[in-house]
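Asks: sequence and predicted structure, then a few things I'm wondering about:
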Amino acid sequence: MYLVVEQLLNGLQFGLLLFLLAAGLTLVFGIMDFVNLAHGSLYMMGAYFAATFVAWTGSFVLGALMALGATLLLGIVLEYVALRHLYGRDHLDQVLATFGLILFFNDAVRLIWGPAGLALPLPAWLTVPVQIIPGVYYPAYRLMIIVVALAVAAMLYLVVMRTRVGMLIRAGASNREMIGALGINIKLLFTLVFGLGAALAGLAGLMQAPILTVQIGMGENILILAFVIIVIGGIGSIRGAFMAAVFVGIIDTMGRAFLPDLLRKVLSGAAASTAAPALSSMLIYLLMAIILVLRPEGLFPAAKR
Amino acid sequence: MKKAFWLAGATVLALAQPATAADSVKIGFVSTFSGPTAVIGNDMRNSFELALDHLGRKIDGKPVEVIYEDDQQKPDVGKQKTEKLVQSDKVDFIVGYIWSNVLLASLKTAVDSKTFLISANAGPSQLAGELCSPYVFSTSWQNDQTPAAMGLYMNQKGVKSVFLIGPNYAAGKDMLAGVKSTFKGEVVGEEYTVWPSQLDFSAELTKARNSKAESIFVFYPGAAGVQFLNQYAQAGIKAQIPLYTAFTVDELSLPLQKDNAIGIPGAQEWVNDLPNAENKKFVEDYRKKYPGLRPTYYGAQAYDAAQLINSAVVAVKGDLTKKDAMKAEMEKANFKSLRGPFKYGNNHIPIQNFYLQDVVKDADGQLSLKTVATIVKDDQDKFHDKCAMK
C-alpha cells in the first residue's frame, strides 16, 4: 500500500516537471503556430545557468532565481533575433531552423562549460527525506518540485483565465489573425509568450538538474515526452497540458514500478525482466496512439474558430 | 587469350599485396567521442596517445597512424565505423569499444576480415564464450568478473540479502548475473532500467527500500552513475541501505558525485595507486600531459592495448602479414601491464586480480580512489569453457 502511495508521488513529481516543459511548448505552438524544437535547449540552458549561478552565489534559491531570469531573457532575445523572422514560414522551415538552434546551443555549451557536464549540489536542508505519513518517507527535494510546480500551474491558470494578458493569450490561441485585426500588438504578445515559455522550460531544467546531471543534450529526450503531452492534451491548452503531463508521469512511473512484477507472473524471470522496461517505456506512446484515434484534437483542445 | 589470363592473374596478385606494405602501423580506434559519455572516449584516447608517446610514437621503428572513430554509443553506428576502418582504411588493428552492445554489433566485421580487434573495455559474456575468436583479445575483463568479485566481498562482509538494479542492455545483464554467481545471500529483487535514456531512478529506489533488502548493488557507468548516487543520497536511502557497485564510481564521475560517493565500495582490476613502476609513470605522466584530468581504468586498459599491439609487432619484426605469429605472441601477454602481470585464458580474456576500491580525500584534498584490499587473485571468467578457440 505504502509502495503504491510512494510510486504515485514519484509519478506525480515526474508529471509536474513535464508539465512545466510542455506548458511553454503548447503556448508557443498553440498561440504562435510555431514549432520550436529548441525548447529542450532552453531547458538545458536553465540547468547550466542554475549550476553556474549557484556555484557563484553559494545560495541555491538565489542562484535558481537568477537562472530563471537569465532563461527568460535568453528566450526574449532568441525570439527577437531569430525566431520572429520564421513565423510566416511553414512548419518544415521552422523545424529546420530550430533544429539548427539545438546544434548551436549544444556546441555553445561545449565551448563555454566544456564537454564533461556540471553538478548542481543541493543544500543540506533539501537532501533529507521527509515523513509524509507514518512509514512513508519521501525526498524533500522531490516534494519541493511538486509544490513549486503546482504553484506555477495555479499561477499560470490565474494569469491565463483572469487577466487581460491571459485573455489575449487565449484569444490568440483561438484566432491569431482576428486579434491582430482588432489592433492588439501581436508582436509584443508573441515575444512575451515566448519568454514565458522559455522561463518555464528553464525552471523545469534547473529543478531537474540536482536529480540528474547538467549535461549537453539533456533536453532532447525529454522534449519528445513534452511533444507527446501537448498532443495528448490538445495543442494550445494549458489545462490539457497539465492533465496529460500528470497522466503521462503517473503511467510511466507505475509501468516501470509494477509491470515487471506483473509480467513475472506470466513469463519466465529472465524474459520478464528484459521485456518489462521496453514495454513500460512504450505505454505512453500507446496512450498517445489511442487518444489520437479517439480524439484527434486531444483531450482538452483550445477553443477553435 | 592465355597471355591475357596471366596478365589478369598478375594484376590481381599485385593488388592483393598488402597496400600498406608494412611501412606504417595503422590502428583504428572506435569509442564514444560525442554525447554525454564522450568524456570516457576522450580519456581512452588520451591514454592511448600517452602510450604512443611512451613508445616514441613508433612501433618497431615504424610510424603509427591512428584513426579515431566516434560510435555515438550506438551499436549500428559502431558497426558502420568498424566496417569503414576494415574495408576502406584497411587498418591492421582495431582498438576501443566501451559498450558491450556496440562491440557485439561490430565483432563479426572485424573477425570475418581477420583484423585483430582489441577490446579496451567491453567484455560481453558471448565474447568470452561462444563468440571467442583467434583475432580478438581483451585488455579489460569479462563483464561478469568485476561484479562477481563484488559479490565475494559482500559475502565477506556478511551481507544477507541484496536488491539489484542495472541498465537493460548486454553489459547490464552480465553484471547482475555476475553478482548472483558469487553472492551467497538472497536476491530479493532485480530491476532493469531503459538504457541509456532513463535517468530518473525514483521508482526503482522506492522498490529497493520497500523490499527490506540489506543492501543494494548497482552497475551504472558514466553519467548515469552520477545520477543514481544523487538520487540514492537525496532519497535518504544512503543512511539506511548500504550500496555496492561495479563501474559506477570512477575518476570521471567522482568530480560530479562528490561526497555522495564517499563510503561506496567498488571492485576493479586497475586502481590508480597500484604500486608497479609502469603504473606510477602512467598516472604521473597522464596528469602532467592533461592538467586537471585524472586517468581512469578505461584509459589504463587503452594504454595496455597499445602495449599489447607493440609486443605483437615487435615479435614479428614488423611483418604484419604474420598473423599467426602475432596471435601467438599476444597470447603470452608479454608486456608490462599497468595492472601488473597477467595471463590470458584460452579465450583471450585476462586471468587477473580484482581489487576493492574506496573513495578517499587525497593529499590535495581532492576525492580519489584508493586500493583497500585484493578481493580475488587470478580470477578467470566462467565462460571460458564454452569457447572453442579455432
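Replies: Yes, it's here.

Asks: distance of B:V314 from chain A?
Replies: Distance, B:V314 to chain A, by Cβ to the nearest Cβ, to the nearest Å: 36 Å. Backbone N, C-alpha and C define where each C-beta goes, glycine included.

Asks: how many other residues sit next to that residue?
Replies: 17 (other Cβ atoms under 10 Å in any protein chain shown).

Asks: if we ignore the residues flanking it in sequence, what's nearest it?
Replies: B:D60 (4.9 Å; Cβ to Cβ, 6 or more residues apart in numbering or on different chains).

Asks: for the one you found, give me its contacts.
Replies: B:25, B:310, B:313-314, B:317-318 (Cβ atoms under 8 Å, 6 or more residues apart in numbering or on different chains).

Asks: how about B:T115?
Replies: So B:T115 contacts B:86, B:91-94, B:135 (Cβ under 8 Å, 6+ apart).

Asks: those: which two are farthest apart?
Replies: For the contacts of B:T115, the farthest-apart pair by Cβ to Cβ is B:V91 and B:Y135; their separation is 12.6 Å.

Asks: mind checking which of the two has more residues around it?
Replies: B:V91 (25 against 21).

Asks: so that one sits in a strand?
Replies: No: going by DSSP: H, G, I helix; E, B strand; the rest coil, the assignment for B:V91 is coil, not a strand.

Asks: close to chain B, is the lengthiest helix in chain A?
Replies: In chain A, with assignment by DSSP state H, the single longest helix is helix A:2-32. Yes: contact of helix A:2-32 with chain B (Cβ under 8 Å from any Cβ of the partner chain) involves A:2-3, A:6-7, A:10, A:13-14.

Asks: buried among the residues you listed? Make that a PyMOL selection.
Replies: The PyMOL selection below is limited to those of the residues of helix A:2-32 next to chain B classed as buried (16 or more other Cβ atoms under 10 Å in any protein chain shown):
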select buried, chain A and resi 6+7+10+13+14
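
Asks: among the residues of helix A:2-32 next to chain B, which pair sits farthest apart?
Replies: Across those (Cβ to Cβ), the longest gap, 18.8 Å, separates A:Y2 and A:F14.

Asks: so where do the helices sit in the chain?
Replies: No chain in the question, so chain A it is. A:2-32, A:39-57, A:60-81, A:91-113, A:140-162, A:164-174, A:176-181, A:186-208, A:218-233, A:238-266, A:269-294.

Asks: actually chain B
Replies: Under DSSP H, chain B gives helices at B:2-16, B:38-54, B:75-83, B:100-112, B:125-128, B:145-156, B:170-182, B:202-210, B:223-234, B:254-257, B:277-289, B:297-315, B:323-331.

Asks: any idea which of the ones you listed scores lowest on pLDDT?
Replies: For these, mean pLDDT drops lowest on helix B:2-16, to a mean of 52.

Asks: and the residue of chain B closest to chain A?
Replies: B:G236 (3.2 Å; Cβ to the nearest Cβ).

Asks: please report the distance of that residue from B:I165.
Replies: Using Cβ to Cβ, to the nearest Å, B:G236 is found at 17 Å from B:I165.

Asks: okay, these two: which has more neighbours?
Replies: Higher neighbour count among B:G236 and B:I165: B:I165, with 24 against 18, using other Cβ under 10 Å.

Asks: who's that one bridged to?
Replies: B:I165 has these beta-bridge partners by DSSP bridges: B:E191, B:V218.

Asks: was I right to think it contacts B:A213?
Replies: No: with contact defined as Cβ atoms under 8 Å, B:I165 and B:A213 do not form a contacting pair (10.6 Å).

Asks: any idea how far apart the tips of stretch B:345-353 sit?
Replies: Using Cα to Cα, to the nearest Å, one end of stretch B:345-353 lies 13 Å from the other.

Asks: quick check: mean pLDDT across it?
Replies: 95.

Asks: now do the same for the residue nearest to B:V314: its pLDDT.
Replies: At B:D60, pLDDT is 91.

Asks: separation between it and B:G318?
Replies: In terms of Cβ to Cβ, B:D60 sits 4 Å off from B:G318.

Asks: measure B:G28 to B:A305 for me?
Replies: 12 Å.

Asks: overlap of the contact sets of the two?
Replies: B:V95.

Asks: re earlier: format the residues of helix A:2-32 next to chain B as CSV; extra columns: pLDDT and distance to A:A257.
Replies: Putting the residues of helix A:2-32 next to chain B into CSV (pLDDT from 0 to 100; distance: Cβ to Cβ, whole Å) gives the following:
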residue, pLDDT, distance to A:A257
A:Y2, 78, 13
A:L3, 83, 8
A:E6, 87, 9
A:Q7, 91, 5
A:N10, 91, 8
A:Q13, 94, 13
A:F14, 93, 12
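
Asks: closest to A:F60 out of the residues of helix A:2-32 next to chain B?
Replies: A:Q13 (18.0 Å).

Asks: pretty sure that closest one contacts A:M144?
Replies: No: counting by Cβ under 8 Å, A:Q13 does not reach A:M144; the two are 9.6 Å apart.

Asks: what sits in contact with each of these two?
Replies: Joint contacts of A:Q13 and A:M144 (Cβ under 8 Å, 6+ apart) do not exist.

Asks: could the contacts of B:T115 be laid out in a markdown table, adding pLDDT and distance to A:F99?
Replies: Output for the contacts of B:T115, formatted as a markdown table (pLDDT from 0 to 100; distance: Cβ to Cβ, whole Å):
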| residue | pLDDT | distance to A:F99 |
| --- | --- | --- |
| B:V86 | 95 | 33 |
| B:V91 | 96 | 34 |
| B:D92 | 95 | 39 |
| B:F93 | 96 | 38 |
| B:I94 | 97 | 33 |
| B:Y135 | 95 | 41 |
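
Asks: show me which residues of the stretch 1-150 of chain B sit near chain A.
Replies: Counting by Cβ under 8 Å from any Cβ, the stretch 1-150 of chain B sits next to chain A at B:35-36, B:38-39, B:42.

Asks: who wins for neighbours among those?
Replies: Neighbour max across the residues of the stretch 1-150 of chain B next to chain A (other Cβ under 10 Å) = B:V39, 24 neighbours.

Asks: was I right to think that residue contacts A:R110?
Replies: No: with contacts counted by Cβ under 8 Å, B:V39 stays clear of A:R110, the gap being 11.7 Å.

Asks: now stretch A:105-122: buried residues?
Replies: Applying 16+ other Cβ under 10 Å to stretch A:105-122 flags A:105-106, A:109, A:113, A:115-122 as buried.

Asks: up against chain B, what does the stretch 151-300 of chain A have?
Replies: A:210-213, A:215-218, A:221, A:253, A:256-257, A:260, A:269, A:273-274, A:276-278, A:280-281.

Asks: what subset of the residues you listed is buried?
Replies: By 16+ other Cβ under 10 Å, these give A:210-213, A:215-218, A:253, A:256-257, A:260, A:273-274, A:276-277, A:280-281 as buried.
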